[in-house]
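Chemist: Kindly return the folded structure for what I paste below:
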Amino acid sequence: MTDLAKLPVTVITGFLGSGKTTLISHLMQNPGGKRLAVVVNEFGDVGVDGDILKSCAIPDCPAENIMELANGCICCTVADDFIPTIEALMALDPRPEHILIETSGLALPKPLLKAFDWPDIRSRITVDGVIALADAEAVAAGRFAPDVAAVDAQREADDSLDHETPLSEVFEDQISCADIILLTKPDLAGAEGVAKAKAIIAAEAPRPLPVVEVAEGIVDPRVILGLEAAAEDDMDARPSHHDHPHDHDHEDFDSIVVDIPEIADPAQLVTAIETLANQNNILRVKGYASVAGKPMRLLVQAVGARVRHQFDRPWSAEEPRQGRLVVIAEHDDIKPADIRAVLGAEPIAAE
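Modeler: Numbers count the residues shown, from 1 in each chain. As a prediction, this is how the structure comes out:
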């Protein structure tokens, strides 16, 4: 790459738990000969995804090439956070040849594309492509809305409600902005679920889009890197619910961080998370737990009532064996005392 060439950036978007971090981990270890850098935009105060990716670092994408922007939409903090981060990556020696940006699962991608129009970076950066991940099973089941039947009933009863629910708007905007859709977890959806998910995506897409089935984030990097889409110059082809002035409201969603005591058995934590999903409408739980008698840290990732966990690395000598979970839900469903009680956390004393 010459100094005059624009540095390509791939934006990786997708709904909560669609597999973005798994995909990036695979690309880091299979970069197709490219020297990669990664920007992770977390929702909440704990950089879980960034920590996971740093543990996967290799020479072509070392830990110093992985940067986190926590607790804030990067399109809302362009001058303060986004541009300095991009400039820091471009100043690395050796310079990255391709940057991956993992958006928050709650992010709208189009405002991020507008950030690439800033004079400080427009002449040096191009958006190679927008990759949207969609969980086949969740899409087929309509779970991008909290309760589709209830929402439809409410809309029919109230003529003033002519807008989509926040979750469906996020899903539709991500699909509309994409150059390629990766349909993840097809094994869980089965052939019928995959077909239904593809039909839903086709109905929502503003133009024909390629849809690729991907399991465990495994995809040939040649499929999604090097698209040369120049997406920042192609905004009109990517319609959004929020094309009027930047008004997307992150207050539709909220998150809390819950410190949990050491657990005796991972099954008890799984049961607690399932309870939160079924009774408290919690969308997403991710983080770590300490299991009594185990030297390894337990990584926990949950989408609704579907919980995955694995031991990812040993606890280091200098860190406390303290479990910590990020819990994400729509704003009205975040009830900290109830969530902490279900997870067995110590209540926070009143000041």
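
Chemist: Okay, domains of the chain per the record?
Modeler: Using automatic domain parsing, the domain ranges for the chain come out as 7-237, 253-343.

Chemist: Compare those domains and say which comes out lowest on pLDDT.
Modeler: When those are compared by mean pLDDT, domain 7-237 comes last with a mean of 75.

Chemist: and the end-to-end length of that one?
Modeler: 22 Å (C-alpha to C-alpha, to the nearest Å).

Chemist: Just give me how far that domain sits from the chain centre.
Modeler: Mean-position distance between domain 7-237 and its chain equals 7 Å (C-alpha atoms, centre = their mean, to the nearest Å).

Chemist: Just put the domains of the chain in a markdown table and tack on mean neighbour count.
Modeler: C-beta: built from backbone N, CA, C; applies to glycine. As requested, the domains of the chain are arranged in a markdown table below (neighbours: other C-beta atoms under 10 Å):
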| stretch | mean neighbour count |
| --- | --- |
| domain 7-237 | 19 |
| domain 253-343 | 17 |
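
Chemist: part of a strand, is V342?
Modeler: No - V342 is assigned helix when assessed by DSSP: H, G, I helix; E, B strand; the rest coil, not a strand.

Chemist: so K34 touches R95, yeah?
Modeler: No - between K34 and R95 there is no contact under C-beta atoms under 8 Å: 11.6 Å.

Chemist: what about dumping the CA coordinates of the lengthiest strand in the chain to PDB?
Modeler: As assigned by DSSP state E, the longest strand anywhere in the chain is strand 125-135. Taking Å, rounded to 0.1, in the frame of the first residue of the first chain, the C-alpha atoms of strand 125-135 are listed here in PDB:
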ATOM      1  CA  ILE A 125      -9.900   6.400   4.600                       C
ATOM      2  CA  THR A 126     -12.600   4.600   2.500                       C
ATOM      3  CA  VAL A 127     -15.400   2.300   3.700                       C
ATOM      4  CA  ASP A 128     -14.500  -0.900   1.800                       C
ATOM      5  CA  GLY A 129     -17.900  -2.400   2.800                       C
ATOM      6  CA  VAL A 130     -20.600  -2.800   5.400                       C
ATOM      7  CA  ILE A 131     -21.100  -6.400   6.600                       C
ATOM      8  CA  ALA A 132     -24.400  -7.100   8.500                       C
ATOM      9  CA  LEU A 133     -24.700 -10.200  10.500                       C
ATOM     10  CA  ALA A 134     -28.100 -11.700  11.200                       C
ATOM     11  CA  ASP A 135     -28.900 -14.600  13.500                       C
END
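
Chemist: Quickly run through the sheet partners of that strand, with directions.
Modeler: Taking DSSP bridges as the criterion, strand 125-135 sits next to strand 7-14 (parallel), strand 180-184 (parallel) in its sheet.

Chemist: Adding distance to R308, write the ones you listed out as a markdown table.
Modeler: Below are the strands paired with strand 125-135 laid out as a markdown table (distance: least, C-beta to C-beta, whole Å):
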| stretch | distance to R308 |
| --- | --- |
| strand 7-14 | 16 |
| strand 180-184 | 13 |
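
Chemist: Nearest to D312, out of these?
Modeler: Closest approach to D312 among these is made by strand 180-184 (19.9 Å; C-beta to C-beta).

Chemist: As a check, name the ranges of all helices in the stretch 151-300 of the chain.
Modeler: 166-177, 186-204, 221-224, 266-280 (DSSP state H, counting those that start in this stretch).

Chemist: if we compare the ones you listed, which one ends up closest to S123?
Modeler: helix 166-177 (22.7 Å).

Chemist: Give me the angle between the closest one and strand 7-14.
Modeler: Here helix 166-177 points in a direction 140 degrees away from that of strand 7-14 (axes from the mean of the first three to the mean of the last three C-alpha atoms, to 10 degrees).

Chemist: CA atoms only: put helix 166-177 into PDB for me.
Modeler: Taking C-alpha atoms only, helix 166-177 is exported to PDB below (Å, rounded to 0.1, in the frame of the first residue of the first chain):
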ATOM      1  CA  PRO A 166     -36.900   0.400  18.200                       C
ATOM      2  CA  LEU A 167     -35.600  -3.200  17.800                       C
ATOM      3  CA  SER A 168     -37.100  -3.700  14.400                       C
ATOM      4  CA  GLU A 169     -35.800  -0.300  13.300                       C
ATOM      5  CA  VAL A 170     -32.200  -1.300  14.300                       C
ATOM      6  CA  PHE A 171     -32.500  -4.500  12.300                       C
ATOM      7  CA  GLU A 172     -34.000  -2.900   9.200                       C
ATOM      8  CA  ASP A 173     -31.400  -0.100   9.200                       C
ATOM      9  CA  GLN A 174     -28.500  -2.600   9.500                       C
ATOM     10  CA  ILE A 175     -29.900  -4.600   6.600                       C
ATOM     11  CA  SER A 176     -30.500  -1.500   4.500                       C
ATOM     12  CA  CYS A 177     -26.900  -0.200   5.000                       C
END
